[in-house]
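Undergrad: predicted model, plus sequence, below.
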Amino acid sequence: MNWLEGMALLRLVGLIAILGWLVFGSTSYIDNIRRSRFKNRPPLADDLFYERYYGSSGLQKSKVIDIRHEIEAALNLKPETILPSDRFSEELSAVRGREYGGDRNDELYFLNRDREKRLGVKIPLAKIKTADDYIRTIVKYV
């Protein structure tokens, strides 16, 4: 193998490595950036979360907790991380530079579009600004 063939092979290996990272590594990189927003936040157990924020709301406890977990799962956050005050424009927002690149916020959007089709309703997603808005809105449909 001459040096020209070696350089071509090296370029090919580099291209494969970059493509591999784009396909497999970039998602975990983005998830780690989003999770870092909550790194100093201690987990809040579901029971305490419900009692503290929704105990007197009249909302069914199991539904509130399920919806909280729905957000956490869709955004690939650690369990018991989300607080009602978390904003979709800040703490739960798309990672900068990935706003239009398949960020996990899209998963919540598609989940609710499927919910709308299944239930034959229109969920006012544009009005949802916080996790609390999301919980109080979606609890009506589950």
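TA: On my side now, so go ahead.

Undergrad: mind checking the SS state of M7?
TA: Following DSSP: H, G, I helix; E, B strand; the rest coil, M7 is assigned to helix.

Undergrad: low-confidence stretches in the chain?
TA: Scanning the chain for pLDDT under 70 picks out the ranges 1, 17-28, 31, 95-105.

Undergrad: helices of that one, residue ranges please.
TA: Taking DSSP state H to define them, one finds helices in the chain at 3-20, 26-36, 46-54, 61-74, 105-119, 131-138.

Undergrad: out of those, deepest packed?
TA: Of the helices of the chain, the one with the most neighbours on average (mean count of other Cβ atoms under 10 Å) is helix 131-138, at a mean of 20. In short, each C-beta sits where N, CA and C put it, glycine included.

Undergrad: distance between that one and the chain's centre?
TA: 15 Å (Cα atoms, centre = their mean, to the nearest Å).

Undergrad: who does it touch, helix- and strand-wise?
TA: helix 61-74, helix 105-119 (3 or more Cβ pairs under 8 Å, 6 or more residues apart in numbering; DSSP states H and E).

Undergrad: and for the longest one, what are the contacting residues?
TA: This means helix 105-119. 70-71, 74-75, 88, 92-94, 121-123, 125, 134, 138, 141-142 (Cβ atoms under 8 Å, 6 or more residues apart in numbering).

Undergrad: look up the closest residue to E80, ignoring the ones flanking it.
TA: P43 (3.9 Å; Cβ to Cβ, 6 or more residues apart in numbering).

Undergrad: nice, that's everything, thank you.
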